[in-house]
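Visitor: Build me a model from this:
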Amino acid sequence: MDLVFRNATLPDGRRADIGIDGGRIAAVEPALAQQGAREIDVGGDLVTPPFVDAHFHMDATLSYGLPRVNESGTLLEGIALWGELKPQLAQEALVERALRYCDWAVARGLLAIRTHVDVCDDRLLAVEALLDVKRRVAPYVDMQLVAFPQDGLLRSPTALANLKRAIRMGVDVVGGIPHFERTMADGAESVRLLCEFAAEHGLMVDMHCDESDDPLSRHIETLAAETLRLGLQGRVAGSHLTSMHSMDNYYVSKLLPLMVESGVAAIANPLINITLQGRHDTYPKRRGMTRVPELLAAGVPVAFGHDCVMDPWYGLGSGDMLEVAHMGLHVAQMTGQAAMRQCFQAVTETPARILGLAGYGIAPGCRADLVWLDAGDPVEAIRLLAARRLVLRAGRVVSEAPPAHATLHLPGRPATVDFRLERQKQAG
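Guide: Next comes the predicted model:
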C-alpha cells in the first residue's frame, strides 16, 4: 500500500487503520496487517472525508470593497452593489480571485464546492471565468456550477436565454430566485419554467428559495410540487428557505411532508442567514435561519453552505466549513450530542449526497480524499475549529499544517497549552 493511517477515529466513532493504494481507499480495519510505504500514526485523531460546501458564490468572492463597501451590511445593498460591480468585472481578475479562494479552501480541507454563477450579464463573462477555474482546479477541487439568474428569471429580459446558453457552455445545475420576481405569481411561474427545463435536459436544480422574512413567501411549496410532477426526486435542492423561520406551525406541518415526499433537500447558510435576516425587526428579533432541527426530524436532508466570503454581501469569512457548522449549531440551538454531529454531517456527508459526489466516504473503493483533523471527534473539531493536519486528494498530500497549541511564558505554569487536554484525560 502507498499509505496507511494508523489509529484513526472515524466520524461515526469507530477506531480504524485506513490503507490507501493507487489513490483509493483499499482497506478500513481495526488493526490492518498490511504495511504501507508510508505510515502515519494519527494517535486517535479524527480522519474524515473532505468538507463540502453546498452553496457558494465564487464569481463574487474576495471582491470586498469593489466598487465600494456595503455600508449598511444588508442583502438589498449587496444586490445593488453587485449590479454596480458587474459592468466592471474583468475575467482575468475574477479567475485570480476564484483561484485564490480555492487555495484557501484546500488548506481548510474543503475539496468540493457548488457555486452559483450569475447569468444575467449578457456577456456571460463570469460563466466563462468559472468554467475556466473549474477546469484548472479539477485535480484538487470538485466544482459544480449553478446557472443563477440573480436579477430574476422573468424580471431580467434575457435571463432565461442566458441560462440556457450557460448550460450549453457546460454549467451543471439549473438555478433560480423566485422570491426576487416582481410578484408571487411570477415567482411560481419561474419555478415551473426552470424545473421543466431541468427535467427536459436531465439536470439537477438548486434554487435560492424564499430568502426572506416574509412568512407568505412559499416558493418551496411550488418547488416541491413541481419536483413531484416532473419526477425530479433526488435532484432538487432549495437553498436558504429562511421564510420557514417565520411561517406558522400549522402551515409548516403541511409543508414538511410535501418536502419529504418530493425528496427536495434543504441548504441553509448559517453565517449569512443570521447576518442578513431579521433586519426589519426591532424586538423580538428573528434569527432567520430555516428550521433545521424540524427538517432533519422529518427526514429532509439538510446541508450547510458558506454562501459568501468577502464579497458585497458579507465582508468576513475564510472558507472554513467548521466555522459554518459552528454557527449553524448555535443558531439552530443544536447543542445535543447527536445534533452537534448532525451539524458536522451537514458540511461533509449530506452535501456530498446532494451534489452526487462519486467515490466520497471512508470505505474500500472510495477515493482517498481525506482530512486529518487536530481533534478527537466531530464535536471537538467544531469546538476548536480544529487545525487541518493533512489534506489528501486521491491519496496525495495537498496541504499540511502543525497542530494548534500555545507557547506560554508564565511563572509556574506549563510551557504549552493543549486545547485537547480534556479529551486526552478522558481517553486515558
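
Visitor: For the closest residue in space to residue 196 that isn't next to it in sequence, give me its contacts.
Guide: On the basis of C-beta to C-beta, 6 or more residues apart in numbering, the spatially nearest residue to residue 196 that is not a chain neighbour turns out to be residue 230, at 6.6 Å. (Glycine included, C-beta is placed from N, CA and C.) With contacts defined as C-beta atoms under 8 Å, 6 or more residues apart in numbering, the neighbours of residue 230 are 195-196, 198-199.

Visitor: got it, and residue 227?
Guide: When the contact criterion is C-beta under 8 Å, 6+ apart, the partners of residue 227 are 195, 205, 233, 235-236, 262-264.

Visitor: so where's the stretch 301-428 of the chain shaky on pLDDT?
Guide: Residues of the stretch 301-428 of the chain meeting the criterion pLDDT under 70: 421-428.

Visitor: all strands for it, in order.
Guide: Along the stretch 301-428 of the chain, counting by DSSP state E, counting those that start in this stretch, strands occupy 302-304, 370-373, 388-393, 396-400, 406-407, 416-417.

Visitor: for the ones you listed, which one sits closest to residue 100?
Guide: Comparison of the strands of the stretch 301-428 of the chain against residue 100 by C-beta to C-beta identifies strand 396-400 as nearest, at 14.5 Å.

Visitor: How far does the closest one sit from its chain's centre?
Guide: Between the mean C-alpha point of strand 396-400 and the mean C-alpha point of its chain there is a distance of 21 Å (C-alpha atoms, centre = their mean, to the nearest Å).

Visitor: What are the buried residues along that strand?
Guide: By neighbour count, with 16 or more other C-beta atoms under 10 Å as the criterion, the buried positions of strand 396-400 are 398-399.

Visitor: Okay, now the sheet partners of that strand, with direction.
Guide: According to DSSP bridges, strand 396-400 forms sheet pairs with strand 388-393 (antiparallel).

Visitor: Give me the distance between the partner strand and the centre of its chain.
Guide: Distance of strand 388-393 from the chain centroid (C-alpha atoms, centre = their mean) equals 18 Å.

Visitor: Residue 54: what secondary structure?
Guide: Under the three-state scheme (DSSP: H, G, I helix; E, B strand; the rest coil), the conformation of residue 54 reads as strand.

Visitor: Nearest the geometric middle of the protein, what residue?
Guide: Note on the chain: the residue nearest the mean C-alpha position is residue 53, at 2.3 Å, using C-alpha atoms, centre = their mean.

Visitor: Which of the helices or strands spans the nearest residue to it once chain neighbours are set aside?
Guide: Across the structure, with C-beta to C-beta, 6+ apart as the measure, the residue nearest residue 53 apart from its sequence neighbours is residue 113 (4.6 Å). For residue 113, the host element (DSSP states H and E) is strand 110-118.

Visitor: ok, now residue 196?
Guide: Secondary structure from DSSP H and E places residue 196 in helix 184-201.

Visitor: Toward the C-terminus, what is the element adjacent to that helix?
Guide: strand 204-209.

Visitor: Give me the buried stretch members for whatever helix or strand comes next after that following strand, please.
Guide: In the C-terminal direction, the helix or strand that comes right after strand 204-209 (DSSP H and E) is helix 219-230. Along helix 219-230, the positions that meet the burial threshold by neighbour count (16+ other C-beta under 10 Å) are 219-227, 230.

Visitor: Could you list which residues are in contact with the nearest residue to residue 224 once chain neighbours are set aside?
Guide: Across the structure, with C-beta to C-beta, 6+ apart as the measure, the residue nearest residue 224 apart from its sequence neighbours is residue 262 (4.0 Å). With contacts defined as C-beta under 8 Å, 6+ apart, residue 262 is in contact with 223-225, 227-228, 233, 236.

Visitor: which regions of the stretch 101-250 of the chain lie under the pLDDT threshold?
Guide: Scanning the stretch 101-250 of the chain with the threshold set as pLDDT under 70 gives no residue ranges.

Visitor: Identify, from the buried residues of helix 219-230, the entry nearest to residue 5.
Guide: residue 227 (40.0 Å).

Visitor: Could you measure from that closest one over to residue 205?
Guide: 8 Å (C-beta to C-beta, to the nearest Å).

Visitor: Now for those two: what residues contact both?
Guide: Shared contacts of residue 227 and residue 205, defined by C-beta under 8 Å, 6+ apart, comprise 195, 235-236.

Visitor: Let me have those in JSON lines, extended by neighbour count.
Guide: Written out in JSON lines, the entries for these read as follows (neighbours: other C-beta atoms under 10 Å):
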{"residue": "195", "neighbour count": "25"}
{"residue": "235", "neighbour count": "23"}
{"residue": "236", "neighbour count": "26"}
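
Visitor: Check those against residue 391 and report the nearest one.
Guide: Using C-beta to C-beta, residue 235 is the member of those that lies nearest residue 391, at 29.5 Å.

Visitor: rewinding a little: which helix or strand lies directly C-terminal to the strand holding residue 113?
Guide: Proceeding C-terminally, strand 110-118 gives way to helix 125-137 as the next helix or strand, assigned by DSSP H and E.

Visitor: Name the residues that touch that following helix?
Guide: Outside helix 125-137, the residues that touch it by C-beta under 8 Å, 6+ apart are 58-59, 89, 91, 94-95, 98-99, 102, 115, 117-119, 143, 145, 147, 166, 169-171.

Visitor: from the middle of its chain, how far away would whatever helix or strand comes next after that helix be?
Guide: For helix 125-137, the following helix or strand on the C-terminal side (DSSP H and E) is strand 142-148. Taking the mean of its C-alpha atoms, strand 142-148 sits 12 Å from the chain's own mean (C-alpha atoms, centre = their mean).

Visitor: in the following helix or strand past strand 142-148, what counts as buried?
Guide: Scanning forward in sequence from strand 142-148 by DSSP H and E, the next helix or strand is helix 159-169. The neighbour-count criterion (16+ other C-beta under 10 Å) identifies 159-160, 162-167 as the buried residues of helix 159-169.

Visitor: what helices or strands is helix 159-169 leaning on?
Guide: Judged by 3 or more C-beta pairs under 8 Å, 6 or more residues apart in numbering; DSSP states H and E, the packing partners of helix 159-169 are helix 125-137, strand 142-148, strand 173-176, helix 184-201.

Visitor: Nearest to residue 395, out of those?
Guide: Where these are weighed against each other on C-beta to C-beta, the nearest is strand 142-148, at 15.7 Å.

Visitor: which residues sit in contact with the nearest residue to residue 353 once chain neighbours are set aside?
Guide: Leaving aside its sequence neighbours, residue 353 sits nearest to residue 301 (C-beta to C-beta, 6+ apart; 6.5 Å). Contact analysis of residue 301 by C-beta under 8 Å, 6+ apart lists 265-266, 350, 353-354.

Visitor: quick one, phi/psi of residue 301?
Guide: Backbone torsions of residue 301, given as degrees, to the nearest 10, read phi -60, psi 130.
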